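K.L.:
need coordinates for the below:
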Amino acid sequence: MNISIIKYNAGNTQSVLFALERLGINAIVTDDVTEIGTADKVIFPGVGEAGTAMNYLRERNLDGLIVSLKQPVLGICLGMQLLCKSSEEGSTKCLGIFDTPVKLFSSTFEKGLQADRIKVPQMGWNTICDLKSKLFTGIKEQDYMYFVHSYYAELSENTIATTHYGHPYSSALQKNNFYGVQFHPEKSAGPGQKILENFITL
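P.N.:
Predicted coordinates for the structure are as follows:
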């Protein structure tokens with residue numbers, strides 16, 4: 001199987017590569033349009049800043065390529081956010097696969113009659129629930145995943161998993177052949193490995 005990991009000057013591609021190797025799966029990290037376009041599966045990971053990442057994609061004509069892909073695509077963390085409509089990070093126009101805005105967590109939120117506080121970024125383990133996709137075969141409600149992010153995708157008709165951090169948000173999205181997870185499956189122990197395996201066998 002031919003698997004491409006999109007290289008776009010955002011961190012975390014190597015850890016995804018190593019996680020796939022642990023599953024006995026070989027993949028390539030590339031920004032070559034032909035290699036990505038002809039891959040059986042495409043993974044779009046990343047840690048970084050939305051505006052800089054989108055500029056890199058546009059400069060290499062990867063923005064138009066990604067939205068045209070017909071094979072299964074998995075966005076991870078920043079990769080998922082870039083598949084959304086827009087991001088408050090740098091007022092960035094994103095790829096628009098998911099008609100969902102990405103917003104900055106507020107450190108304060110209303111809870112009943114009082115305001116509570118959360119740390120931004122969310123960094124560490126949190127649960128996922130309301131699972132609605134074959135991507136989560138073998139994953140239990142309230143399984144823990146590893147998150148590191150300051151921005152989140154709102155709940156929408158494309159939400160296939162929900163996480164609560166101050167308020168509920170989309171920890172995973174799906175539309176047609178496009179999947180996105182806000183957490184890092186490659187850092188989420190056994191359940192994360194299972195999600196990667198599920199994606200490869202979709």
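K.L.:
could you use CA atoms for every contact and neighbour count after this?
P.N.:
Fine.
K.L.:
check which residues of the longest helix along the chain are buried.
P.N.:
For the chain, the helix with the greatest residue count under DSSP state H is helix 189-200. For helix 189-200, the neighbour count (16 or more other CA atoms under 10 Å) marks 191-197, 199-200 as buried.
K.L.:
show me where this structure has its helices.
P.N.:
Applying DSSP H to the chain gives helices spanning 13-22, 33-37, 50-59, 62-68, 78-82, 189-200.
K.L.:
middle-most residue in the protein, spatially?
P.N.:
residue 76 (2.6 Å; CA atoms, centre = their mean).
K.L.:
from residue 83, how far off is the residue lying closest to that one once chain neighbours are set aside?
P.N.:
Computed as CA to CA, 6 or more residues apart in numbering, the closest residue to residue 76 that is not its neighbour in sequence is residue 45, at 4.4 Å. Applying CA to CA, to the nearest Å, the value for residue 45 to residue 83 is 11 Å.
K.L.:
what's the overlap in contacts for those two?
P.N.:
Residues touching both residue 45 and residue 83 (CA atoms under 8 Å, 6 or more residues apart in numbering) are residue 75.
K.L.:
and the helices of the chain, which is most packed in?
P.N.:
Most buried of those by mean neighbour count (mean count of other CA atoms under 10 Å) is helix 78-82; its value is a mean of 28.
K.L.:
so for that helix, mean pLDDT?
P.N.:
Helix 78-82 shows a mean pLDDT of 98.
K.L.:
show me what it is packed against.
P.N.:
Helix 78-82 is packed against helix 50-59, strand 178-181, with contacts defined by 3 or more CA pairs under 8 Å, 6 or more residues apart in numbering; DSSP states H and E.
K.L.:
just put the helices of the chain in JSON lines and tack on distance to residue 2.
P.N.:
Putting the helices of the chain into JSON lines (distance: least, CA to CA, whole Å) gives the following:
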{"stretch": "helix 13-22", "distance to residue 2": "12"}
{"stretch": "helix 33-37", "distance to residue 2": "9"}
{"stretch": "helix 50-59", "distance to residue 2": "21"}
{"stretch": "helix 62-68", "distance to residue 2": "16"}
{"stretch": "helix 78-82", "distance to residue 2": "20"}
{"stretch": "helix 189-200", "distance to residue 2": "10"}
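K.L.:
hmm, residue 65 is touching residue 35, no?
P.N.:
No. With contact defined as CA atoms under 8 Å, residue 65 does not count as touching residue 35 (11.1 Å).
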